[in-house]
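Engineer: Sequence and predicted structure, then a few things I'm wondering about:
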Amino acid sequence: MATFVLAGAALAATGWLLCCMLRLDSPAEFLLGWWVVACAELVAAAEILSLAHAISPLGYALVEAAALVLALAAWLRLGRPLPPRALVRGRPLDGLLTLLALVVTLAVGYELFLIVATPPNNWDSMHYHLARVAAWRAQRSLAYVPTHNAIENAYPQNAELLVLWTVVLVGRDVVAALPQLLSCLATATAVYAIARRLGYNARLSAFAGLLFPTLTIVALESVTTQNDLVEASFISAAVALALGRSRSTAVLAGAAVGLAAGTKLTFLYALPVLVVIGLLALPRRRLAAVAAASVVAVVLVGAYAYVQNIVETGRPEGRSSEVTGLVPAITLAGTVSTVARTTYRLIDASAFHVPTRVLEPISDTGKSVFRALGIPANPASSTAPGAIPFDFGVSSSASEDSSAFGPLGVLLLLPLSLGFLVAWIARRTDRLHGSLALALPLYLVALALGTRWNFYVDRFLITPAALTLPLAPAVLGSRILRIAVLGVAVATVALALAYDVAKPSGLSGVAAVWDRDRVAAETIQRADLRNVLEAVERRVPQGARLGVDLAPGDWEYPLWGARLGRRLVWLPEQSPGGLRWVVLGTRISRRPAGTWCATRFRDSHWTLLRRC
């Protein structure tokens, strides 16, 4: 941890010095620039070190030391410029804003505790986010790794490169989810900055920004190593910085776009939104500058995975069933259905424990509307094969995969988007407000055209939600409404964190996640794997080479061990020579040559082999 703290201090100091030299106009721009610069440095460092197979604590130390020395020299030469003045200039804070800030501070503190005190345990992290991080750390490069899971190689990787830095320096995953939590705070800052550009006062803008961390899916994802918040932070920062006035903010906006392009394929759904905001809200010369900076940034910090995919597979998106299998057969009915289903699931009561009798009329109304409009509920052309079918149920479980935004999604975000669209069409608001109001519907249509509907797509809407929230100060001027929104926001974040399925607090009648050992915590949502992983932990030494032959969907990451000390040997692609231990995944029956003693686990259909 000492190495991590020192490296973090060097990274922060470098970003601070560079942003001082850019002479940014406002504290919010400074904070967003700081975030973008730090992330760009980490992404670039990993890519450069990868080329020399030098991803290691020493490699990162050398890169960060060099960056800090160069930044310090330039800062001194430019006359030691200082950052802009503080956000609050001695004026008393509004009581409601203070209360919301206190609640968010407490929530972030609790989330930080969960990150440090409990292991990652959500499905995607175990399946590929952390699995690819562990593999890169082991081979000291970002090159393709042997794996049963093609998306470990194919998917864009910038979010995982931020995680990789923490894992390499600490030697384990104790702060692996920190990038997502910081991304949440960066996005809240971007909401504030955009609201200020819309002309709203600082207090109402801050109130809107602080609403972002209280949204259900945002709070839940803040303690995971997923990448939706990282993507949202870059897109929202790009918009906030593009709306600035200086050349420096244009360059930083382009850098944020480049980082977003290299983070997640859902960037493609945000691209139309960025184009529309640019065309409607930016002067032509400003738009050209941001576009040029974006192209350069995509090349420098956004294209690595795509280029590597082209080299390895001939396709920029790589080859994986998750990519090809989710491409819809585009039809009007299918597209309308996906937009309608995704919008309907914004009616979200996650963790609120609303009685069924209250939710049933909502479901019945939804069925009636779909039927009256002729919208098919589960068309094969736009529904993921084998997906949980859409059934008009209102989400009540606090899940980082399937929750949406809580009550504020349908009570605030949707009305803001629709209301400002109507006002813009009626010429009662300006183009900047109109372009932000378009963020949610444009993203919904792009999502429907780009992927088949499945139970988990609403978490992709974090990005357009962040671009819609800056419109909130328009209605938050009413103190009564502000009190009501505050009450809903406080209840939403408190209940989401208290009843998080993956990170239970103990209030739901099960043991708190921090009272469980590592394997028990990791398998909260995969109880069938608990016996397997406990057996591996008891029997297979931490420094051993462990053969693995897994089925698609099997979890790989826990097999590396708590301190990532094991080395996985992928069978049958890699040689099994010298192996004493082998794990066979779900219903895998083939074995390496030789005599093996087998322990079979009925719940999971996995097998642990030991050389007899």
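Structural biologist: Ah, there it is. Numbers count the residues shown, from 1 in each chain.
Engineer: can you map out the helices along the stretch 101-250 of the chain?
Structural biologist: Secondary structure of the stretch 101-250 of the chain, counting by DSSP state H, counting those that start in this stretch: helices at 123-124, 130-139, 151-154, 158-170, 178-197, 202-211, 216-221, 228-242, 247-261.
Engineer: could the ones you listed go into a markdown table alongside mean neighbour count and distance to Gly278?
Structural biologist: For every residue, glycine as well, the C-beta is placed using N, CA and C. Formatted as a markdown table, those follow (neighbours: other CB atoms under 10 Å; distance: least, CB to CB, whole Å):
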| stretch | mean neighbour count | distance to Gly278 |
| --- | --- | --- |
| helix 123-124 | 19 | 31 |
| helix 130-139 | 23 | 33 |
| helix 151-154 | 23 | 29 |
| helix 158-170 | 25 | 22 |
| helix 178-197 | 26 | 14 |
| helix 202-211 | 24 | 22 |
| helix 216-221 | 29 | 25 |
| helix 228-242 | 30 | 7 |
| helix 247-261 | 26 | 10 |
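Engineer: and of those helices, who's closest to Leu564?
Structural biologist: Proximity to Leu564, assessed across the helices of the stretch 101-250 of the chain by CB to CB, is greatest for helix 130-139 (5.4 Å).
Engineer: distance between the closest one and the chain's centre?
Structural biologist: Centroid separation for helix 130-139 versus its chain: 18 Å, with CA atoms, centre = their mean, to the nearest Å.
Engineer: Give me the helices and strands touching it, please.
Structural biologist: Here helix 130-139 touches helix 151-154, helix 158-170, strand 567-570, going by 3 or more CB pairs under 8 Å, 6 or more residues apart in numbering; DSSP states H and E.
Engineer: Mind putting the ones you listed into JSON lines with mean pLDDT?
Structural biologist: Output for the helices and strands packed on helix 130-139, formatted as JSON lines (pLDDT from 0 to 100):
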{"stretch": "helix 151-154", "mean pLDDT": "94"}
{"stretch": "helix 158-170", "mean pLDDT": "97"}
{"stretch": "strand 567-570", "mean pLDDT": "94"}
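Engineer: Export these to CSV and append columns for distance to Leu413.
Structural biologist: As requested, those are exported to CSV (distance: least, CB to CB, whole Å):
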stretch, distance to Leu413
helix 151-154, 30
helix 158-170, 24
strand 567-570, 43
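Engineer: so which of those gets nearest Arg530?
Structural biologist: That would be strand 567-570 among the helices and strands packed on helix 130-139, by CB to CB, at 20.0 Å.
Engineer: helices or strands up against that closest one?
Structural biologist: Using 3+ CB pairs under 8 Å, 6+ apart, strand 567-570 sits against helix 130-139, strand 545-549.
Engineer: Of these, which is nearest Leu287?
Structural biologist: Among the helices and strands packed on strand 567-570, helix 130-139 sits nearest to Leu287 (CB to CB), with 35.5 Å.
Engineer: What mean pLDDT does that closest one get?
Structural biologist: Helix 130-139 carries an average pLDDT of 96.
Engineer: Can you tell me what sits against that helix?
Structural biologist: Here helix 130-139 makes contact (CB atoms under 8 Å, 6 or more residues apart in numbering) with 50, 53, 55, 120, 142, 145, 147, 149, 152-153, 157, 160, 163-164, 167-168, 173, 176, 225, 555-557, 560, 564, 567-568.
Engineer: can we see that at 7 Å?
Structural biologist: With contacts defined as CB atoms under 7 Å, 6 or more residues apart in numbering, helix 130-139 is touched by 55, 120, 142, 145, 147, 149, 152, 160, 163-164, 167-168, 173, 176, 225, 556-557, 560, 564, 567.
Engineer: one step back: now distance to Cys20 too, for the helices of the stretch 101-250 of the chain, in a markdown table please.
Structural biologist: Formatted as a markdown table, these follow (distance: least, CB to CB, whole Å):
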| stretch | distance to Cys20 |
| --- | --- |
| helix 123-124 | 37 |
| helix 130-139 | 32 |
| helix 151-154 | 39 |
| helix 158-170 | 23 |
| helix 178-197 | 18 |
| helix 202-211 | 22 |
| helix 216-221 | 30 |
| helix 228-242 | 16 |
| helix 247-261 | 11 |
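Engineer: now for those helices, which one comes closest to Ala498?
Structural biologist: Closest among the helices of the stretch 101-250 of the chain, once you apply CB to CB, is helix 216-221, at 10.4 Å.
Engineer: For the closest one, give the mean pLDDT please.
Structural biologist: 98.
Engineer: Please state the offset of it from the chain centre?
Structural biologist: In terms of CA atoms, centre = their mean, the centre of helix 216-221 is set 10 Å apart from its chain centre.
Engineer: what's the answer for stretch 423-431, then?
Structural biologist: With CA atoms, centre = their mean as the basis, stretch 423-431 stands 33 Å off its chain's centre.
Engineer: now stretch 449-469
Structural biologist: On CA atoms, centre = their mean, the centre of stretch 449-469 falls 12 Å from the chain's centre.
Engineer: try stretch 345-355
Structural biologist: Computed by CA atoms, centre = their mean, the chain-centroid distance of stretch 345-355 equals 22 Å.
Engineer: which parts of it are buried?
Structural biologist: 345-352 (16 or more other CB atoms under 10 Å).
Engineer: Tell me how far the closest residue to Leu22 other than its chain neighbours lies from Gly33.
Structural biologist: Nearest non-adjacent residue to Leu22, counting by CB to CB, 6 or more residues apart in numbering: Ser248, 3.9 Å away. Separation of Ser248 from Gly33 (CB to CB, to the nearest Å) stands at 8 Å.
Engineer: between the two, what contacts are shared?
Structural biologist: 22, 24.
Engineer: Can you give me the buried ones in the worst-scoring helix or strand of the chain on mean pLDDT?
Structural biologist: Lowest mean confidence among the helices and strands of the chain (mean pLDDT, DSSP states H and E): helix 321-324, at a mean of 82. Under the neighbour-count criterion of 16+ other CB under 10 Å, helix 321-324 has 322-323 buried.
Engineer: CA atoms of the next helix-or-strand element following that helix as PDB?
Structural biologist: Remark: after helix 321-324, the chain's next helix or strand is helix 332-344, criterion DSSP states H and E. Once non-C-alpha atoms are left out, helix 332-344 reads as follows in PDB (Å, rounded to 0.1, in the frame of the first residue of the first chain):
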ATOM      1  CA  LEU A 332     -38.900  -1.200 -37.100                       C
ATOM      2  CA  ALA A 333     -40.900  -3.300 -34.600                       C
ATOM      3  CA  GLY A 334     -37.800  -4.700 -33.000                       C
ATOM      4  CA  THR A 335     -36.200  -1.300 -32.600                       C
ATOM      5  CA  VAL A 336     -39.400   0.300 -31.100                       C
ATOM      6  CA  SER A 337     -39.700  -2.700 -28.800                       C
ATOM      7  CA  THR A 338     -36.100  -2.300 -27.400                       C
ATOM      8  CA  VAL A 339     -36.600   1.400 -26.900                       C
ATOM      9  CA  ALA A 340     -39.900   0.800 -25.200                       C
ATOM     10  CA  ARG A 341     -38.700  -2.000 -23.000                       C
ATOM     11  CA  THR A 342     -35.500  -0.100 -21.900                       C
ATOM     12  CA  THR A 343     -37.600   2.900 -21.100                       C
ATOM     13  CA  TYR A 344     -40.200   0.900 -19.200                       C
END
